[in-house]
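1. Below is the sequence, then the predicted model.
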Amino acid sequence: MKKLIAAVVLGGALWTQPLWASDDDIVKVRAAGEVSAAMDRLEEAVRGAGATVFARVDHAGGAETVGMELAPAQLLVFGNPKLGTPAMQDDPLAGLYLPLKVLVYSDAEGQVWMAYEDPREMLDDLGGIDDDASYLGKMSGALKALTSKAAGF
């Protein structure tokens, strides 16, 4: 009986925290509220961390301009030269993947998610990037911290 109670309590506690999922190199974080609200929280977290927001792309809004429908989806493009510059110094082709991006979208069930590509996987195929480069861990940590803060739980 104690195990059942512990499982119920633990299960409830998990739903109050961001849910992390991974599809190979894509990390997904469950978010509260609507896509626009989650994106607002993410943008605020990014700016609060001192990073630069370069663009906020409304994919559903773009689809609407051509008479098509798309579930709510927005992409935030942001970065910090202190993290990105060393990667590009090691391999200029890192500029194809940087700045960092987080997609906030609503799935078929209406659940809002924040998704991003793990920087280690994203830059893995570039010859000049060392698997142990410190900036990879910093990028991963920043993405995890920012999406956790913006999840709204």
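-> Yep, that arrived. Computed from a predicted model, the values in this text were never measured in an experiment.
2. Would you quantify the distance from Leu96 to Asn80?
-> Between Leu96 and Asn80 the computed distance is 18 Å (C-beta to C-beta, to the nearest Å). Bear in mind the C-beta positions are built from the backbone N, C-alpha and C, glycine included.
3. ok, the two, which is more surrounded?
-> The neighbour comparison of Leu96 against Asn80 (other C-beta atoms under 10 Å) goes to Asn80, with 19 against 11.
4. residues in contact with that one?
-> Counting by C-beta atoms under 8 Å, 6 or more residues apart in numbering, Asn80 makes contact with 49-52, 142.
5. cool, Ala133 as well?
-> Remark: with contacts taken as C-beta under 8 Å, 6+ apart, Ala133 is in contact with 86-87, 90.
6. taking the residues you listed one by one, which sit in helices?
-> Using DSSP state H, the members of the contacts of Ala133 that fall within helices are 86-87, 90.
7. what bits of the chain have low per-residue confidence?
-> In the predicted model of the chain, residues 1-23 satisfy pLDDT under 70.
8. which residues in it form helices?
-> Using DSSP H, the helices assigned to the chain run over residues 2-15, 35-48, 59-65, 81-90, 119-122, 134-150.
9. can you tell which of those is closest to Pro72?
-> The closest of these to Pro72 is helix 35-48. By C-beta to C-beta, the value is 3.8 Å.
10. My guess is Val112 contacts Val29. True?
-> No: Val112 is not in contact with Val29 according to C-beta atoms under 8 Å; the separation is 9.7 Å.
11. returning to that earlier point: now the contacts of Asn80: which count as buried?
-> When neighbours are counted using 16 or more other C-beta atoms under 10 Å, these contain these buried positions: 51, 142.
12. With respect to Asp124, which of the contacts of Asn80 is nearest?
-> The shortest separation between Asp124 and any of the contacts of Asn80 is 18.1 Å, and it belongs to Ala142 (by C-beta to C-beta).
13. any idea how far the closest one is from Ser36?
-> When C-beta to C-beta is the yardstick, Ala142 and Ser36 sit 23 Å from each other.
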